[in-house]
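Peer 1: Pasting a predicted model and its sequence here:
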Amino acid sequence: MKQIPTLYEWAGGMPAFEKLTAAFYKKVLKDELLEPIFKHMSPHHQLHVAHFIAEVFGGPEAYTAEGGCHFTMIQKHFSKHLTEAQRKRWVFLLLETADEIELPDDPEFRSAFVGYIEWGTRIAVINSQGEHTGVAVTEPMPRWGWGETGGPYLNGE
Ligand code: HEM
């Protein structure tokens with residue numbers, strides 16, 4: 001039976017996630033809707049987000065090793081009062097960056113990728129409205145797989 005790669009491996013490993021967030025946050029800082037909420041972010045922000053997403057997609061436990069967990073990430077959004085318009089722009093710019101840095105664009109990968117991004121951004125917005133969350137401090141990191149598509153696009157292989 002063929003070994004199915006993780007989304008992390010299929011994407012190109014950590015260099016791909018770090019490239020994605022580095023290019024993404026450059027765009028964010030030039031965007032009129034997002035710049036005001038990100039202008040004070042730390043220089044490590046892009047790496048933390050790369051490590052978080054990479055871990056969700058089956059990569060090494062880098063975010064956890066840095067002392068983070070799912071709740072920590074959720075907490076970073078408390079009381080930011082993020083709007084649906086900001087969320088949509090965040091998603092749009094991330095997907096635009098994914099194309100620009102040539103993240104795999106096969107239907108299977110992108111379907112799984114967008115699935116998590118859609119879920120994760122909605123969770124971020126919900127948990128940004130105050131300082132309460134349904135997410136327990138002990139909640140494990142989400143683990144995203146290929147989902148309904150069941151595996152990567154193999155083009156007849
Ligand atoms: C899949 C979706 C998302 C993930 C995985 C994510 C992840 C993270 C992480 C890991 C941090 C902490 C960074 C650090 O410790 O340096 C953070 C902070 C933050 N996120 Fe998100 N986020 C997501 C969606 C969003 C969206 C949609 C918005 C806004 C539209 C947003 C706005 C922010 C802001 C404003 C901060 C704090 C920035 C600061 O430190 O000044 N996030 N996010």
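Peer 2: Thanks, I have it.
Peer 1: Tell me the secondary structure at the closest residue to the ligand within the chain.
Peer 2: Going by C-beta to the nearest ligand atom, the ligand is nearest to residue 120 of the chain, at 2.5 Å. For every residue, glycine as well, the C-beta is placed using N, CA and C. Under DSSP: H, G, I helix; E, B strand; the rest coil, residue 120 falls in the helix class.
Peer 1: Just list the residues touching it, thanks.
Peer 2: 53, 56, 142 (C-beta atoms under 8 Å, 6 or more residues apart in numbering).
Peer 1: ok, it to residue 77 distance?
Peer 2: Shown here: residue 120 relative to residue 77, a distance of 10 Å by C-beta to C-beta, to the nearest Å.
Peer 1: what do you get for residue 109?
Peer 2: Residue 109 is 26 Å from residue 77, where distance means C-beta to C-beta.
Peer 1: of these two, who's got more company?
Peer 2: residue 109 (21 against 17; other C-beta atoms under 10 Å).
Peer 1: Quick one: mean pLDDT over the helix or strand hosting that one.
Peer 2: According to DSSP states H and E, residue 109 maps onto helix 107-126. In this model, helix 107-126 has a mean pLDDT of 96.
Peer 1: what does the protein have sitting close to the ligand?
Peer 2: 37-38, 40-42, 44-45, 48-49, 52-53, 73, 76-77, 80, 82, 86-87, 90, 117, 120-121, 124 (C-beta under 6 Å from any ligand atom).
Peer 1: Take these and, keeping just the buried ones, write it as a ChimeraX select command.
Peer 2: Of the residues of the chain next to the ligand, the buried ones can be selected in ChimeraX as follows, counting by 16 or more other C-beta atoms under 10 Å:
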select :37,48,49,52,53,73,76,77,82,86,87,90,117,120,121,124
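Peer 1: Name the nearest residue to the spatially most central residue of the chain, ignoring sequence neighbours.
Peer 2: In the chain, the centroid-proximal residue (C-alpha atoms, centre = their mean) is residue 53; its distance is 4.3 Å. In this structure, residue 53 finds its nearest non-sequential neighbour in residue 17, 5.8 Å apart by C-beta to C-beta, 6 or more residues apart in numbering.
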